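*Asks:* predicted coordinates and the sequence they were generated for:
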Amino acid sequence: MEKISTLQAPQGILALVSIPADTLFDKSTLKNTFSLVLDGVQDPGNLGTMIRTADWFGFKNVICSNHTVEVYNPKTVQATMGSLCRVNVSYHDLPLFLKEAGLPVFGAMLDGNSLYETEWGTEGLVVLGNEGQGVSPEVVALIDRPVTIPRVGLAESLNVAVSAAIFCADISRNFKK
């Protein structure tokens with residue numbers, strides 16, 4: 001296990017799974033549900049944590065920009081703790097994808113409406129941006145519902161995976177299936 005693992009102290013568990021040949025999915029599966037959309041996320045641990053968080057809250061799809069870290073990076077796979085087997089992850093040209101999706105596009109923005117006052121409705125795409133740069137200007141232009149997590153303290157930002165968890169928790173609390 002030590003020879004095949006990238007970890008210094010592997011857990012002693014090995015799973016052999018197939019990587020899907022085609023990660024594209026029918027956009028109709030996005031209807032009547034919420035999906036995370038990740039724009040340029042670079043940290044493999046953050047991506048894995050967001051996939052695991054999506055799984056926890058029942059989000060079935062994570063859509064990534066072509067500039068997001070590779071989902072099969074060993075650190076990403078490990079951080080998902082198995083959730084990668086239950087969540088569809090696909091990579092797209094985000095501006096084109098968002099234009100064609102036909103769904104409300106919520107965006108995690110510093111200057112948006114309060115998360116706690118947001119009417120989520122029954123479906124949508126929740127965009128979260130790069131750890132240092134935020135959401136790219138091309139994608140910001142397509143966000144029709146900017147949303148912020150209200151800041152109480154003095155920190156200038158939240159980790160993107162923490163932000164994703166807060167968004168998922170609030171949406172799942174308000175989403176009536």
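*Replies:* Thanks, I have the structure now. Every value quoted in this text rests on a predicted model; they were computed, and no experiment measured them.
*Asks:* for the nearest residue to Leu110 once chain neighbours are set aside, give its distance to Leu115.
*Replies:* The spatially closest residue to Leu110, leaving aside those adjacent along the chain, is Thr148, at 5.9 Å (Cβ to Cβ, 6 or more residues apart in numbering). Yep, even glycine has a C-beta here, placed from its N, CA and C like the rest. Distance, Thr148 to Leu115, by Cβ to Cβ, to the nearest Å: 7 Å.
*Asks:* and the residue nearest to Leu110, backbone torsions?
*Replies:* phi -130, psi 150 (degrees, to the nearest 10).
*Asks:* where does Ser35 fall, secondary structure wise?
*Replies:* For Ser35, the enclosing helix or strand under DSSP states H and E is strand 34-39.
*Asks:* over to Cys168?
*Replies:* Assigned by DSSP H and E, Cys168 belongs to helix 160-174.
*Asks:* tell me the contacts of the residue most central in space within the chain?
*Replies:* For the chain, the residue nearest the mean C-alpha position is Leu36 (3.9 Å; Cα atoms, centre = their mean). Applying Cβ atoms under 8 Å, 6 or more residues apart in numbering, we find Leu36 in contact with 50, 54, 59, 61-63, 125-126, 128, 164, 167-168.
*Asks:* same list, those, but as a markdown table with neighbour count, distance to Asn88 and secondary structure please.
*Replies:* Below are these laid out as a markdown table (neighbours: other Cβ atoms under 10 Å; distance: Cβ to Cβ, whole Å; DSSP: H, G, I helix; E, B strand; the rest coil):
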| residue | neighbour count | distance to Asn88 | secondary structure |
| --- | --- | --- | --- |
| Met50 | 30 | 13 | helix |
| Ala54 | 26 | 10 | helix |
| Phe59 | 23 | 10 | coil |
| Asn61 | 19 | 5 | strand |
| Val62 | 25 | 7 | strand |
| Ile63 | 25 | 9 | strand |
| Leu125 | 23 | 14 | strand |
| Val126 | 25 | 15 | strand |
| Leu128 | 24 | 17 | strand |
| Ala164 | 27 | 16 | helix |
| Phe167 | 25 | 18 | helix |
| Cys168 | 21 | 16 | helix |
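*Asks:* hmm, back to that, the closest residue to the residue nearest to the centre of the chain other than its chain neighbours and Thr33: what is the separation?
*Replies:* The shortest distance from Leu36 to any non-neighbouring residue, by Cβ to Cβ, 6+ apart, is to Val62 (4.8 Å). With distances taken as Cβ to Cβ, Val62 is found 12 Å from Thr33.
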